[in-house]
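J.: just to be clear, the model below is a prediction. Sequence and coordinates:
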Amino acid sequence: MTAAANPTACLLVIGNEVLSGRTKDANINFLANRLGEIGIPLREVRIIPDVRATIIATVNEVRQKFDHVFTTGGIGPTHDDITSECVAGAFGVPWEPHPEAWARMERHYKPGEFNAARQRMATMPRGATLIDNAISIAPGFTMGNVHVMAGVPRIMQAMFESLAPTLAGGPPIASRAVHADGVMEGRIAEGLAAIQARWPDLDIGSYPYYRMGGGGVALVAKGNDPDAVEEAARAITVLLRAMGSHPVQGEPPA
């Protein structure tokens, strides 16, 4: 029986600081793993600049292609935080004070501290649904299938955990890894291709590693059918043994 198709996701990492190399992204790994756990595989990631036309065009493109779009970055209080207003532009709606976000933030700050810069963080596309932020009060938001979150990893993670229960996922993505020291990819490529052909609905990947004591390869099977993943992992183990190696279940030690 073929497993039901899972909804898919795309992540837009928005920020000149990532493209310039100043900031090292820490959100892709977290989101890929958490989305897999709730059955929404991350199928594409794009890193784009703080440029209005680029953000609007990209949001409109990917929200048509994927069931869920997540964005990180660009919802702070400064002039270059333009993600929120660009999402409003993508949906063709006004960018205006969100009553609940405004009220929350006004209560949070002392009198006089909820200034014009901070008010930007309570200004959102008309019709937005808030994503709670347990760390620093300023919320993210959802418009349609686009979920807009902070770029700071700790805040983004808190926002995602607030959002996650509302997401309609599919079967969790199962994953099995097998690794073997001393095996080079060139020796197993043909056999691995045959395994992929036997289980075309799985993602089967080969990942070489290098350590002080030598290298090897980790082979990973992923998919939303756990029985098929287990079968493919057994076939991978047989392949590695046929090469004269000693396969070990799991990822190689760091």
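T.: Received the coordinates, thanks.

J.: would you map the helices across the stretch 151-254 of the chain?
T.: Assigned by DSSP state H, counting those that start in this stretch, the helices in the stretch 151-254 of the chain fall at 153-163, 185-198, 226-242.

J.: out of those helices, the one nearest Arg176 is which?
T.: helix 226-242 (3.8 Å; C-beta to C-beta). In this view, the C-beta of every residue, glycine as well, is placed from N, C-alpha and C.

J.: tell me what the closest one is packed against?
T.: In terms of contacts (3 or more C-beta pairs under 8 Å, 6 or more residues apart in numbering; DSSP states H and E), helix 226-242 is packed against strand 174-181, helix 185-198, strand 214-223.

J.: mind saving the C-alpha coords of stretch 23-39 as PDB?
T.: C-alpha atoms of stretch 23-39 as PDB (Å, rounded to 0.1, in the frame of the first residue of the first chain):
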ATOM      1  CA  THR A  23      25.100  35.700  10.500                       C
ATOM      2  CA  LYS A  24      25.200  32.000  10.400                       C
ATOM      3  CA  ASP A  25      21.700  30.500  10.000                       C
ATOM      4  CA  ALA A  26      20.700  28.200  12.800                       C
ATOM      5  CA  ASN A  27      17.000  27.800  11.900                       C
ATOM      6  CA  ILE A  28      17.100  25.500   8.900                       C
ATOM      7  CA  ASN A  29      18.200  22.400  10.900                       C
ATOM      8  CA  PHE A  30      15.600  23.000  13.600                       C
ATOM      9  CA  LEU A  31      12.700  23.500  11.300                       C
ATOM     10  CA  ALA A  32      13.700  20.600   9.000                       C
ATOM     11  CA  ASN A  33      13.700  18.200  12.000                       C
ATOM     12  CA  ARG A  34      10.600  19.500  13.700                       C
ATOM     13  CA  LEU A  35       8.600  19.700  10.500                       C
ATOM     14  CA  GLY A  36       9.600  16.100   9.700                       C
ATOM     15  CA  GLU A  37       8.400  15.000  13.200                       C
ATOM     16  CA  ILE A  38       4.900  16.400  12.400                       C
ATOM     17  CA  GLY A  39       4.800  15.000   8.900                       C
END
